[in-house]
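K.L.:
pasting the structure only:
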């Protein structure tokens, strides 16, 4: 109950006031049942005022009225001239300030001023519940952890609808909740709504209900995190050989021949994540596609294939690395060959009509798959037809010729080795039988150290000249030399047609040798050194020293502690720099001497 101050009338002894009584409140409807009364009385005693009139009362903006009769006598004891009971709606937040005004028109007096008003603060009606807390505030979704929403409700009759959302997706809902709700365990499927992040915000919305009526709603948030073990699946890497010219039946990888193909399948993101990148690796080869083929495998030994996938959460999974053997391969090589006249039983004889052939070869057996065929052939020098050849084995001598090797003729010997990939040939020469001096029949030919086979001068033994000989005609071409030049250890013979020959012998010191690498696990090692040919002193245009030149090299064997063979030579630049190579069965560097001859074509400056 609340009462206003006293209001005055035009009779100084008569006053009136307003009373506001809250009878009840309807929480669901957010209203108060209120009775408003207008009371009137005299301020002095011993007097009575009566008559007729009207009492007007405006409640919450609406005017109401009540008639005054002469039976309603106004004395010093207050009487109610107006009574009205109403349901007054409250504000949305449950508060209400109720405005009430009143005026009295009476035959004996009237209110002065005519309308006088007051306001009453009604008791606030409890409204929507609040979320007191959510525990924990951050939770890892691992299939066992849960979360609890605690609710502070204004009335024990209230219930609540609770829903939870990640972004715009509803992940949970329930009804008829009292003061708390737990979700335990949190479903792992919630993570499907975080495809690109390792954490996210969940919004909990609590809607307060009174029966079937909705009072209001409130929200709060908590954080869910993606556990570290939620990573993409690596999938399967299928590795296969690209054989190229390696026979499939070998079922191996071969150095310098094979490639590896890698195909990734079955890699997937987890709980909404997607695969963003993949990286396939084979030693130094890397690809970012799901299907990749390496280049040709140039190194023997072990190569390792592996892969890694990364998802939209930037989490990675490494596939299981697998080692693969690459079998060493180098093209076959004839290291040494010796062809000598002999008797039928292989006994060496300068006048023999057979040839004893011995060759040492190197080749790669590729795990026993690469079979090597070795044959040696012969033909008379200057003819074109070779015999059918006979087989030989590495390091073992064979006798060929069938007694048909004429002591008065020279013979070309061809050594040939064939593996799965290459055919390699090298030639040797078997000279005539030895003769200090031999005159050709007819008197037009002479030979030293061998039989004379053609008209002209022939020398089959070492020749020493105390000075550079004057030669008018080139014995090979029949063309006259322009000049013969000498510079250091090199001689240069120049022809009118532009051809030139350079001959020389050079000692290679250990300081100028580049350490070699082992040849196909054979125990033999390569070595390289550079020679400088004085082409400027010979007036030769540097552009003519190129890969079109015929370059022959031969190692001095007499001063070596181990067998050593020449690997040939190549032109490095137009300044006359030549790279020469050698091979020997020792891993240590050893000085060597080398003969070199260069045959070039073209005009000179």
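P.N.:
Perfect, thanks for sending it. It should be emphasised that the depicted structure is a prediction, and the values quoted were computed from it without experimental measurement.

K.L.:
dump the residue contacts of residue 57.
P.N.:
When contacts are counted by C-beta atoms under 8 Å, 6 or more residues apart in numbering, residue 57 touches 18, 36, 38, 63-66, 82, 84, 100-102. Any C-beta I mention is one placed from the backbone N, CA and C, and that applies to glycine too.

K.L.:
same question, residue 108
P.N.:
Here residue 108 is in contact with 11, 49-51 (criterion: C-beta under 8 Å, 6+ apart).

K.L.:
Where do the strands of the stretch 351-500 of the chain begin and end?
P.N.:
Using DSSP state E, counting those that start in this stretch, the strands of the stretch 351-500 of the chain run over residues 354-362, 373-380, 390-391, 398-400, 411-418, 423-430, 437-439, 445-448, 456-459, 481-487, 490-495, 500-508.

K.L.:
Worst mean pLDDT among those?
P.N.:
Here the lowest mean pLDDT among the strands of the stretch 351-500 of the chain goes to strand 437-439, at a mean of 54.

K.L.:
Show me what the helix or strand where residue 80 lies is packed against.
P.N.:
Residue 80 belongs to strand 79-89 when assigned by DSSP states H and E. Judged by 3 or more C-beta pairs under 8 Å, 6 or more residues apart in numbering; DSSP states H and E, the packing partners of strand 79-89 are strand 14-26, strand 31-42, strand 53-59, strand 62-68, strand 97-106.

K.L.:
Give me the contacts around it.
P.N.:
Strand 79-89 has contacts (C-beta under 8 Å, 6+ apart) with 16, 23, 26, 29-41, 55, 57, 59-60, 64-66, 68, 72-73, 96, 98, 102, 104, 122.

K.L.:
And stretch 299-310, by the same measure?
P.N.:
Under the contact criterion C-beta under 8 Å, 6+ apart, stretch 299-310 has outside partners 232-235, 237, 239, 253, 255, 260, 262, 264, 267, 275-283, 297, 316-329, 520-521.

K.L.:
cutoff 6 Å now
P.N.:
With contacts defined as C-beta atoms under 6 Å, 6 or more residues apart in numbering, stretch 299-310 is touched by 232, 234, 237, 239, 255, 262, 264, 267, 275-283, 316-319, 321-324, 326, 328.

K.L.:
before we move on, what about stretch 357-373?
P.N.:
For stretch 357-373, using C-beta under 6 Å, 6+ apart, the contacting residues are 250, 252, 254, 327-330, 332-339, 376, 394-395, 397-398, 415, 417-420, 520, 522.

K.L.:
out of the residues you listed, which are buried?
P.N.:
The neighbour-count test (16 or more other C-beta atoms under 10 Å) marks 250, 252, 254, 327-330, 332-335, 337, 339, 376, 398, 415, 417-420, 520, 522 as buried among the contacts of stretch 357-373.

K.L.:
partner residues bridging the residue most central in space within the chain?
P.N.:
Most central residue of the chain, judged by C-alpha distance to the mean C-alpha position with C-alpha atoms, centre = their mean, is residue 279 at 3.4 Å. Note on residue 279: beta-bridge partners by DSSP bridges are residue 308.

K.L.:
any idea how far it lies from residue 306?
P.N.:
Separation of residue 279 from residue 306 (C-beta to C-beta, to the nearest Å) stands at 9 Å.

K.L.:
cool, and residue 485?
P.N.:
Counting by C-beta to C-beta, the gap from residue 485 to residue 306 is 62 Å.

K.L.:
what does residue 205 give?
P.N.:
From residue 205 to residue 306 the distance is 48 Å (C-beta to C-beta).

K.L.:
Over to residue 18?
P.N.:
In terms of C-beta to C-beta, residue 18 sits 90 Å off from residue 306.

K.L.:
For the helices and strands packed on strand 79-89, give me CSV that also has distance to residue 509.
P.N.:
Formatted as CSV, the helices and strands packed on strand 79-89 follow (distance: least, C-beta to C-beta, whole Å):
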stretch, distance to residue 509
strand 14-26, 115
strand 31-42, 116
strand 53-59, 125
strand 62-68, 124
strand 97-106, 114
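
K.L.:
can you put those strands in JSON lines and add distance to residue 172 and mean pLDDT?
P.N.:
Below are those laid out as JSON lines (distance: least, C-beta to C-beta, whole Å; pLDDT from 0 to 100):
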{"stretch": "strand 14-26", "distance to residue 172": "33", "mean pLDDT": "95"}
{"stretch": "strand 31-42", "distance to residue 172": "34", "mean pLDDT": "96"}
{"stretch": "strand 53-59", "distance to residue 172": "47", "mean pLDDT": "96"}
{"stretch": "strand 62-68", "distance to residue 172": "47", "mean pLDDT": "96"}
{"stretch": "strand 97-106", "distance to residue 172": "41", "mean pLDDT": "96"}
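
K.L.:
Name the stretch from these that approaches residue 186 most closely.
P.N.:
strand 14-26 (39.4 Å; C-beta to C-beta).

K.L.:
Tell me the strands beside the closest one, with direction?
P.N.:
strand 2-3 (antiparallel), strand 7-8 (antiparallel), strand 31-42 (antiparallel).

K.L.:
Give me the buried positions along that strand.
P.N.:
Those would be 14-20, 22, 25, for strand 14-26 by 16+ other C-beta under 10 Å.

K.L.:
Ok, stretch 416-433 next?
P.N.:
For stretch 416-433, the neighbour count (16+ other C-beta under 10 Å) marks 416-421, 426, 428, 430-433 as buried.

K.L.:
Now do the strands in the stretch 201-350 of the chain.
P.N.:
According to DSSP E, counting those that start in this stretch, the strands that the stretch 201-350 of the chain contains are 213-225, 236-242, 253-254, 259-265, 275-282, 285-287, 291-293, 301-311, 316-318, 322-327, 333-342.

K.L.:
which helices and strands does the second one pack with?
P.N.:
Identification of packing neighbours for strand 236-242 by 3 or more C-beta pairs under 6 Å, 6 or more residues apart in numbering; DSSP states H and E yields strand 259-265.

K.L.:
Tell me which helix or strand in this structure has the weakest average pLDDT.
P.N.:
strand 437-439 (a mean of 54; mean pLDDT, DSSP states H and E).

K.L.:
how far does stretch 150-162 stretch from start to finish?
P.N.:
End-to-end distance for stretch 150-162, by C-alpha to C-alpha, to the nearest Å: 11 Å.

K.L.:
Distance from the chain centre to that stretch, please.
P.N.:
Stretch 150-162 sits 55 Å away from the centroid of its parent chain (C-alpha atoms, centre = their mean, to the nearest Å).
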